[in-house]
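J.: Sequence and predicted structure, then a few things I'm wondering about:
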Amino acid sequence: MLDFTLMEMPLAASEKRQPFRDARGQGSIVFDPARLRQATPAMFDAASYGADAQPIQGQGGRGAAWFVRGEFGDAVLRRYRRGGWMARLSDSDYLWQGEDKVRSFREFTLMQRLCRAGLPVPAPIAAYYRRSGLRYRAAILIERISDVRSFADVVGNQGLEAPWAKVGAAIARCHRHAAHHADLNAHNLLIGGNDDVWLIDWDKGRMETAAGKWCDLVLARLERSLRKIHRDQPATLITQGMATLREAHQQALQA
């Protein structure tokens with residue numbers, strides 16, 4: 001294991017920051033002190049968990065996420081990966097534009113805010129970046145929600161019996177707080193055994209000033225993903241399901 005130097009710098013009561021420097025560069029970690037006494041760069045390396053790191057299979061993400069277990073409990077470790085043509089240059093390096101632009105830190109801060117508001121979002125545990133020159137890499141640890149399936153899978157198994165209305169109401173709760181999910185596809189909605197709904201993967205999400213037309217764009221993105229995933233099903237399935245979802249969304253938004 002590489003030697004590194006940690007320098008604690010407390011922020012708000014709900015988070016601490018630990019800059020570090022080692023042979024591979026320098027960076028910083030922000031974490032929830034209620035879940036961790038101290039954070040280290042090794043926490044963001046899947047290999048450091050040994051058999052307790054299980055790659056997450058299936059759709060969603062870009063093949064860089066693991067279920068892990070540590071002193072913080074069960075969590076999801078996700079590395080930030082590029083998509084599209086930029087991935088041809090580098091699939092995990094981002095241009096350094098200052099710490100306030102670091103993807104993992106922005107997602108951590110947003111998710112903490114949403115959790116404090118009581119919204120259906122898993123709690124962030126820690127986030128990190130490692131910088132080398134004008135490039136950086138990032139990762140985040142997020143609370144694992146147990147015994148859930150993606151909305152994509154639930155619709156595939158239950159069709160119109162899936163909890164369309166509950167999903168619409170859960171999305172509306174976030175929209176009432178002006179929380180804008182940047183990529184709400186059917187894999188980023190998790191359904192629990194009691195049809196509890198969770199919105200995950202808030203990378204590039206942001207806070208708006210109020211609910212507005214952007215809410216319709218979020219629902220349109222969800223509908224496109226459902227139609228793509230279930231393109232072998234009758235088109236009326238998604239049409240009717242989304243009608244139920246939108247009605248519940250509108251009612252909850254106005255409640």
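T.: Received the coordinates, thanks. Bear in mind the structure is a predicted one, so any value in this text is a computation, not a measurement.
J.: just the helices in this protein please.
T.: 103-116, 151-158, 164-176, 213-229, 235-254 (DSSP state H).
J.: Out of these, which is the most enclosed?
T.: A comparison of those by mean neighbour count, using mean count of other CB atoms under 10 Å, puts helix 164-176 on top with a mean of 22. C-beta coordinates here come from the backbone N, C-alpha and C atoms, glycine included.
J.: which other helices and strands contact that one?
T.: If contacts are counted by 3 or more CB pairs under 8 Å, 6 or more residues apart in numbering; DSSP states H and E, helix 164-176 sits against strand 189-192, strand 197-199, helix 213-229, helix 235-254.
J.: Please render the helices of the chain as TSV that adds distance to residue 36 and mean pLDDT to the earlier fields.
T.: Shown next, in TSV, are the helices of the chain (distance: least, CB to CB, whole Å; pLDDT from 0 to 100):
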stretch	distance to residue 36	mean pLDDT
helix 103-116	13	97
helix 151-158	31	98
helix 164-176	26	98
helix 213-229	32	98
helix 235-254	35	98
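J.: Just tell me which of these ends up closest to residue 143.
T.: When the helices of the chain are compared for distance to residue 143 using CB to CB, the nearest one is helix 103-116, at 9.0 Å.
J.: which other residues reach that closest one?
T.: Around helix 103-116, the neighbours that count as contacts under CB atoms under 8 Å, 6 or more residues apart in numbering are 14-15, 30, 32, 80, 94, 99-100, 121-124, 126-129, 138-140, 142, 174, 177, 179, 202-207.
J.: Reformat the helices of the chain into TSV and put distance to residue 72 next to each item.
T.: Compiled in TSV, the helices of the chain are given as follows (distance: least, CB to CB, whole Å):
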stretch	distance to residue 72
helix 103-116	14
helix 151-158	26
helix 164-176	24
helix 213-229	30
helix 235-254	32
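J.: Go through these and name the closest to residue 195.
T.: In terms of CB to CB, the element of the helices of the chain nearest to residue 195 is helix 164-176, at 5.2 Å.
J.: Which residues does the closest one contact?
T.: By CB under 8 Å, 6+ apart, the residues outside helix 164-176 that reach it are 114, 119-121, 151, 181, 184, 189, 191, 195-199, 211, 215, 218-219, 222, 241-242, 244-253.
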